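**Student:** Return atomic coordinates for the entry below.
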Amino acid sequence: MLDLLPDPMREPTVLAIPFFVTMLAIEWFAAWKLEDSDADGRAPRGAYESRDARASVSMGIVSIATSAVWKLLGLFVYTAVFAYLAPWHLPVTAWYTWVIAFLGVDFLFYWSHRVSHRVRLVWATHQAHHSSEYFNFATALRQKWNISAALVMWLPLPFLGVPPALVFASYSLNLVYQFWIHTERIDKMWRPFEFVFNTPSHHRVHHGSDPEYLDRNYGGTLIVWDRLFGSFQPETHRPTYGLTKPVGTYNIVKLQTHEYASIARDVRAAAGWRARLGYVFGPPGWTPSSPVQVAAGESRSIATGSKVGGR
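**Tutor:** So this is what the prediction gives:
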């Protein structure tokens with residue numbers, strides 16, 4: 001079936017589906033056999049809730065189709081940029097081109113991810129991934145349906161001569177890597193590995209809605225970007241997962257779209273263009289009367305209907 005797709009669309013994520021399903025089944029079985037409530041009465045570590053897991057898996061299935069459409073549109077733009085604007089063309093078969101592509105995608109993923117937590121319109125595309133109050137392999141599949149912001153962020157790569165096929169392949173490999181870090185079954189790992197790579201411990205922080213965990217650990221494969229750009233936070237306690245204000249539904253369409261509706265309501269009620277633009281392009285939770293608070297050098301806002309921070 002993959003032969004029917006153009007080369008850039010033969011994604012590692014499609015090939016990895018059997019791995020995803022196997023790992024999810026193993027973890028779900030472990031959660032059932034090892035269920036043990038946390039000391040504070042919260043859900044057990046690595047627990048599954050059937051409705052929540054079904055919503056996550058359903059969003060992942062839909063995202064395969066929506067991402068394919070977005071990437072097909074991106075393929076036309078990237079091909080034009082690569083063919084007519086790139087000052088040189090890196091050879092697709094050279095090992096260093098793959099290294100440049102993978103590191104470039106991971107670096108731009110960090111900034112795209114950071115923007116998606118600091119600009120409300122982009123956050124609206126991403127917040128569904130953070131809407132689960134559980135952290136397990138099913139949560140990894142709770143993917144967004146609109147990847148337009150990421151496509152814009154990758155534009156420098158074809159412009160610098162990276163073949164479009166390698167851009168898409170590197171992004172897919174990045175997503176495959178990020179699947180296994182969505183678990184509470186793995187504690188902290190070998191210190192040198194934790195220093196360089198994103199791990200379950202780092203990513204649990206990223207999904208935490210605790211004040212000290214908000215807007216931290218944006219990295220995809222490498223955590224060094226967070227260390228370099230001041231957004232790293234080590235895990236000091238078990239996070240509280242989910243949005244700061246839960247959506248309260250398992251309807252996958254509402255989970256994906258409720259923030260767009262909130263933005264539209266705020267814009268309609270806003271007085272003046274400054275307020276309208278602030279509701280769209282300001283950080284999540286921005287209001288004209290509630291200026292963004294600054295803590296530890298990082299902008300944070302008072303969340304109204306969304307988590308300020310996330311994957």
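
**Student:** Which helix in the protein has the most residues?
**Tutor:** Taking DSSP state H as the criterion, the chain has its longest helix at helix 50-84.

**Student:** Which strands or helices does the next helix or strand after that helix pack on?
**Tutor:** Following helix 50-84 in sequence order, the next helix or strand is helix 95-118 (DSSP states H and E). Applying 3 or more Cβ pairs under 8 Å, 6 or more residues apart in numbering; DSSP states H and E, we find helix 95-118 packed against helix 120-126, helix 148-153, helix 156-159, helix 164-179, helix 224-229. Using the backbone N, CA and C atoms, a C-beta is placed for each residue, glycine as well.

**Student:** How far does stretch 125-139 stretch from one end to the other?
**Tutor:** 16 Å (Cα to Cα, to the nearest Å).

**Student:** Run the angle between the longest helix of the chain and helix 164-179 for me.
**Tutor:** With axes from the mean of the first three to the mean of the last three Cα atoms, to 10 degrees defining the directions, helix 50-84 sits at 160 degrees from helix 164-179.

**Student:** Do me a favour and average the pLDDT over helix 50-84.
**Tutor:** For helix 50-84, the mean pLDDT works out to 94.

**Student:** can you check stretch 15-33 too?
**Tutor:** Mean pLDDT, stretch 15-33: 78.

**Student:** returning to that earlier point: list the buried ones in the longest helix of the chain?
**Tutor:** 52-53, 55-60, 63, 66-67, 70-71, 74-75, 78, 81-82 (16 or more other Cβ atoms under 10 Å).

**Student:** circling back to that earlier point, please identify which of the helices and strands packed on helix 95-118 is closest to residue 19.
**Tutor:** Closest of those to residue 19 is helix 164-179, at 7.9 Å (criterion: Cβ to Cβ).

**Student:** Can you list the helices and strands that the helix or strand following the closest one packs against?
**Tutor:** Sequence order places helix 191-196 as the next helix or strand after helix 164-179, per DSSP H and E. For helix 191-196, the elements it packs on are helix 224-229, judged by 3+ Cβ pairs under 8 Å, 6+ apart.

**Student:** Flag every buried residue along the helix it packs on.
**Tutor:** The neighbour-count check on helix 224-229 (16+ other Cβ under 10 Å) flags 224, 225, 226 as buried.

**Student:** in whichever helix or strand comes after it, what counts as buried?
**Tutor:** Remark: after helix 224-229, the chain's next helix or strand is helix 252-269, criterion DSSP H and E. Buried residues in helix 252-269, counted by 16+ other Cβ under 10 Å: 252, 255, 256, 258, 259, 262, 263, 266.

**Student:** Ramachandran angles for residue 20?
**Tutor:** phi -60, psi -50 (degrees, to the nearest 10).

**Student:** buried stuff in stretch 157-172?
**Tutor:** Going by 16+ other Cβ under 10 Å, stretch 157-172 has these buried residues: 157-158, 160-172.

**Student:** what's in contact with that stretch?
**Tutor:** 7-9, 11-13, 71, 74-75, 78-79, 81-82, 85-90, 92, 97-98, 100-102, 104-106, 108-109, 150, 154 (Cβ atoms under 8 Å, 6 or more residues apart in numbering).

**Student:** Pull the distance from that stretch to the chain's centre.
**Tutor:** 19 Å (Cα atoms, centre = their mean, to the nearest Å).

**Student:** That one spans what distance, first to last residue?
**Tutor:** First-to-last residue span, stretch 157-172, Cα to Cα: 15 Å.

**Student:** got the contact list for residue 178?
**Tutor:** Here residue 178 is in contact with 140, 198, 203, 220, 221 (criterion: Cβ under 8 Å, 6+ apart).

**Student:** Correction: the previous question concerned residue 224.
**Tutor:** Residues in contact with residue 224 (Cβ under 8 Å, 6+ apart) are 195, 196.

**Student:** how close does residue 26 sit to residue 108?
**Tutor:** Distance from residue 26 to residue 108, counting by Cβ to Cβ, to the nearest Å: 33 Å.

**Student:** quick one, which of these two is more surrounded?
**Tutor:** residue 108 (22 against 12; other Cβ atoms under 10 Å).
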